[in-house]
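K.L.:
what follows is a predicted structure for the sequence shown.
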Amino acid sequence: MTLIPELCNVALLAGGMGTRLRSRTGNLPKPMAPILGRPVLEHLIDLCARHGFRDIALLVHYEHETIRAHFGDGKRLGVRLRYCVETDARGTAGALRDALESMDDRFLVLYGDTYADVNLRRFWETHLANGADTTLLLHPNDHPQDSDLVEVNADGRIVAVHPYPHPEGKTLANLVNAALYAMNRNGLDTVIPAKGRFDLAKHTFPAMLGAGRHLQAYVTPEYIKDMGTPERLDKVERDIVFGLPERLSDRQPRRAVFLDRDGTINREVNHLSKPEQLELLDGAGEAIRRLNRSGTLAVCVTNQPVLARGDVTEDGIRAIHARLDHLLGEQHAFLDGLYLCPHHPDRGFAGEVAALKVVCDCRKPATGLIDRAVCDMRISRRDSWMIGDTTSDIRAGRDAGLRTVLVRTGHAGRDRKYGDAADYVMPDLAAAVDWVLDGHARLLGALLPAAAAARTARVVLIGGPARAGKTSAAQGLREHMQALGRIAHVVSLDGWLRPVDQRPEGGGVLLRYDLNAAVDVVVAVRAAQGRLELPLPVYDRDERRAVPGPRVSIGPEDMLIVEGVPALMDERLLTFADLRLFIETDDEQRLDRLAVDYAWRSTDPAGLLDRLAARERDEVPTVRASEARADFTITVPKKETS
């Protein structure tokens, strides 16, 4: 006996013909298109059952007998199915209108040509709590230019729906209707005509807004994709095999990269206040696309004091961020979230907004923006990163419990407001994302044997040619020690580089450094019986000289990691070291890094090749000879190219 539910709490739109999939599916209806060997409709029914939605109405039309023959009454899948058969195709809204008598007072709507991995229970409970007539699941995607876009106010209430195609020249925020809804049945028959063909997104939702109905946004990074073409079907299957839906699900904390805006994603413009001033930095769109495709959330956290100063209105800042979305969308990239601080504590600007002239907990280096995103999007701090161009970005990231990367675009750390050093320094966002997604893990893997040997070491030396990766290796070793419960301090020998005008001409590598002072620090650490407070110099790459750095408190059980080109070349340093590492990398990669570094320091381009050649002759053979003194040679893996 077939068990038919009295009323259903899910309407699953399954009437599509699948014309564009005919090359793959023949005459099968679209919901029967196989994803990894199972019809997409079966994946969706499983999703509903997992979240406790077991009374499902299948709204069918084309080849509905094929669907019924496969699923029957649904008992095999742990659900109860009702078949609502359309005799005439009336579109998504028409099909729903004709099936309303089968639906409960509140119900979910899913589309049979999407693959979804969404927490339906949480979505449902949010709808019940927000009091809306309909809640729409929204997300940014990598093709907003041909998607239905939704406009939302600060309270998450939907104010407009912009179906594709969009008016020419119209720039809209990348917030896409993902085709999953929670709806109240009451009143739907008044906004969906009883005859004719109508679409929920194009006709019903605008009509509901026009009638003053409450439509609410539910924004989530969870995976939901249309698979209605062969290309999109292939992409969904690749994503599933790669694990993208799992990474984006809420079954575990998500990984994120927090991004500063000005100077990191787009070119630094002093107090940017107009959309046309926003221009992406080279490679930024592709870098963010790589984050999207990896399942790593891309979350922008930005101070925007232009709002407090009165330079731009809230509508103006929305227009600026709509342009940012548009430019990223053109490169098939998107931000999963954008959090901004509108405050500025200093007064005295003409047109300033008094209510925003406050000390807050969201203006970086405060961590409020990051904290909100972590809570909203269930982000793992331990697995996440902050990338920015200022010391306030680095301090905010560090205080929020993230790894940090300083990029040498925008301010490039020259703001000098705070003394926090980034964990890693990269030329630009593209290089930083490469590091986060690939380079960091490869380096930590290469360091594992040395890290095991370093567990009880007091002093570790790390030497090698310039730009081989010594500083990154030192930080990587520090992370390994931290995982083992040890505190390690990284000290760069560059802090004892002599000023350029005090270096003996032709004196070689060793005479460029005041190594006597560096040795004194190592001797003091070895001899200390208790905690030692030391002022350590740092090298200012702009001024090309050492400057006073922060005082470092070194405990008697702490490790000191000394890194620098001559680390394995001074006999006294070698005497006091417990472990010696030599860092090497591919010459082409190392020389590319040197060239980028010289270019960043505005070295005369005409003399760049001569400088590089002279440095290779003067330094590299001598430094490479010191490899014989190392306990380990660590080869930093070269970035893999596709």
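P.N.:
Done, it's in.

K.L.:
now do the helices in the stretch 1-150 of the chain.
P.N.:
Using DSSP state H, counting those that start in this stretch, the helices of the stretch 1-150 of the chain run over 22-25, 40-50, 64-71, 91-98, 120-130.

K.L.:
swap that for the stretch 351-500 of the chain, please
P.N.:
According to DSSP H, counting those that start in this stretch, the helices that the stretch 351-500 of the chain contains are 368-377, 391-399, 429-434, 440-453, 470-483.

K.L.:
so for residue 183, which of those helices sits nearest?
P.N.:
Across those, residue 183 has its closest neighbour in helix 368-377 (24.2 Å, Cβ to Cβ). For the C-beta atoms, the positions are set from N, CA and C on the backbone; glycine is no exception.

K.L.:
how far is the closest one from where the chain is centred?
P.N.:
With Cα atoms, centre = their mean, to the nearest Å as the basis, helix 368-377 stands 13 Å off its chain's centre.

K.L.:
in a markdown table, list the helices of the stretch 1-150 of the chain along with mean pLDDT and distance to residue 547.
P.N.:
Below are the helices of the stretch 1-150 of the chain laid out as a markdown table (pLDDT from 0 to 100; distance: least, Cβ to Cβ, whole Å):
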| stretch | mean pLDDT | distance to residue 547 |
| --- | --- | --- |
| helix 22-25 | 83 | 64 |
| helix 40-50 | 97 | 58 |
| helix 64-71 | 95 | 72 |
| helix 91-98 | 96 | 65 |
| helix 120-130 | 98 | 51 |
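
K.L.:
most packed of these?
P.N.:
With neighbours taken as mean count of other Cβ atoms under 10 Å, the helices of the stretch 1-150 of the chain reach their highest mean count in helix 91-98, at a mean of 23.

K.L.:
show me the contact partners of it.
P.N.:
Around helix 91-98, the neighbours that count as contacts under Cβ atoms under 8 Å, 6 or more residues apart in numbering are 11, 13, 15, 59, 61, 84, 86, 89-90, 109, 111, 188-189, 192-194, 196-201, 203-204.

K.L.:
restricted to strands, list those.
P.N.:
Judged by DSSP state E, the contacts of helix 91-98 include 11, 13, 59, 84, 109, 111 as members of strands.

K.L.:
buried subset of the contacts of helix 91-98 as a PyMOL selection?
P.N.:
Applying 16 or more other Cβ atoms under 10 Å to the contacts of helix 91-98 leaves a buried subset, and the PyMOL line that selects it is:
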select buried, resi 11+13+15+59+61+84+86+90+109+111+188+192+193+198+200+201+203+204
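
K.L.:
would you mark the buried spots in stretch 377-393?
P.N.:
377-379, 384-393.

K.L.:
typed the wrong thing, it's stretch 398-409
P.N.:
Applying a neighbour-count criterion of 16+ other Cβ under 10 Å, the buried positions in stretch 398-409 are 398, 399, 400, 402, 403, 404, 405, 406, 407, 408, 409.

K.L.:
try stretch 430-442
P.N.:
The neighbour-count check on stretch 430-442 (16+ other Cβ under 10 Å) flags 430, 431, 432, 433, 434, 435, 436, 437, 439, 440, 442 as buried.

K.L.:
and for stretch 157-172?
P.N.:
158, 161, 162, 163, 166, 171, 172.

K.L.:
again, but for stretch 241-254
P.N.:
The neighbour-count check on stretch 241-254 (16+ other Cβ under 10 Å) flags 244, 245, 247, 248, 249, 254 as buried.

K.L.:
and it, average pLDDT?
P.N.:
Taken as a whole, stretch 241-254 has an average pLDDT of 97.

K.L.:
got it, and stretch 369-387?
P.N.:
Rounded mean pLDDT across stretch 369-387 is 98.

K.L.:
now do stretch 492-502
P.N.:
The model assigns stretch 492-502 a mean pLDDT of 88.

K.L.:
and the pLDDT for residue 508?
P.N.:
The model reports residue 508 with a pLDDT of 77.

K.L.:
tell me if it really is in a strand.
P.N.:
No. Per DSSP: H, G, I helix; E, B strand; the rest coil, residue 508 lies outside any strand segment and is coil.

K.L.:
just give me the neighbour total for it.
P.N.:
Neighbours of residue 508 under the rule other Cβ atoms under 10 Å: 13.

K.L.:
isn't it up against residue 621?
P.N.:
No. Here residue 508 lies out of contact with residue 621, judged by Cβ atoms under 8 Å, at a distance of 10.7 Å.

K.L.:
and the nearest residue to residue 27 once chain neighbours are set aside, how close does it get to residue 18?
P.N.:
Distances taken as Cβ to Cβ, 6 or more residues apart in numbering put residue 63 closest to residue 27, at 6.8 Å, once the chain neighbours are dropped. Going from residue 63 to residue 18 by Cβ to Cβ, to the nearest Å gives 9 Å.

K.L.:
can you check residue 378 too?
P.N.:
35 Å.

K.L.:
try residue 455
P.N.:
60 Å.

K.L.:
comparing those two, which residue is more hemmed in?
P.N.:
More crowded of residue 455 and residue 18, by other Cβ under 10 Å: residue 18, with 22 against 13.

K.L.:
now distance to residue 294 too, for the buried residues of stretch 377-393, in a markdown table please.
P.N.:
As requested, these are exported to a markdown table (distance: Cβ to Cβ, whole Å):
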| residue | distance to residue 294 |
| --- | --- |
| 377 | 16 |
| 378 | 17 |
| 379 | 15 |
| 384 | 13 |
| 385 | 12 |
| 386 | 17 |
| 387 | 14 |
| 388 | 20 |
| 389 | 22 |
| 390 | 25 |
| 391 | 28 |
| 392 | 27 |
| 393 | 21 |
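
K.L.:
please identify which pair of the residues you listed lies farthest apart.
P.N.:
Top of the distance list for the buried residues of stretch 377-393 (Cβ to Cβ): 378 and 391, 28.7 Å.

K.L.:
does residue 400 touch residue 367 like I think?
P.N.:
Yes. Contact criterion Cβ under 8 Å: residue 400 and residue 367 qualify, at 4.2 Å.

K.L.:
hey, C-alpha coordinates of stretch 9-21 in PDB?
P.N.:
Taking Å, rounded to 0.1, in the frame of the first residue of the first chain, the C-alpha atoms of stretch 9-21 are listed here in PDB:
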ATOM      1  CA  ASN A   9       6.700  20.400   4.000                       C
ATOM      2  CA  VAL A  10       8.900  20.300   0.900                       C
ATOM      3  CA  ALA A  11       8.000  21.200  -2.700                       C
ATOM      4  CA  LEU A  12      10.600  19.800  -5.100                       C
ATOM      5  CA  LEU A  13      10.400  21.300  -8.500                       C
ATOM      6  CA  ALA A  14      11.100  18.400 -10.800                       C
ATOM      7  CA  GLY A  15       9.400  19.100 -14.100                       C
ATOM      8  CA  GLY A  16      12.300  20.200 -16.200                       C
ATOM      9  CA  MET A  17      13.000  18.600 -19.600                       C
ATOM     10  CA  GLY A  18      16.800  19.000 -19.600                       C
ATOM     11  CA  THR A  19      17.100  20.100 -23.200                       C
ATOM     12  CA  ARG A  20      20.600  21.400 -22.700                       C
ATOM     13  CA  LEU A  21      21.700  18.100 -21.100                       C
END
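
K.L.:
pLDDT averaged over it - what is it?
P.N.:
Mean predicted lDDT for stretch 9-21 stands at 90.

K.L.:
can you list the weak-confidence ranges in the stretch 301-450 of the chain?
P.N.:
Applying pLDDT under 70 to the stretch 301-450 of the chain flags no residue at all.

K.L.:
so for the nearest residue to residue 71 once chain neighbours are set aside, what's the pLDDT?
P.N.:
Among residues not flanking residue 71 along the chain, residue 81 sits closest, at 6.0 Å (Cβ to Cβ, 6+ apart). We have a pLDDT of 97 for residue 81.
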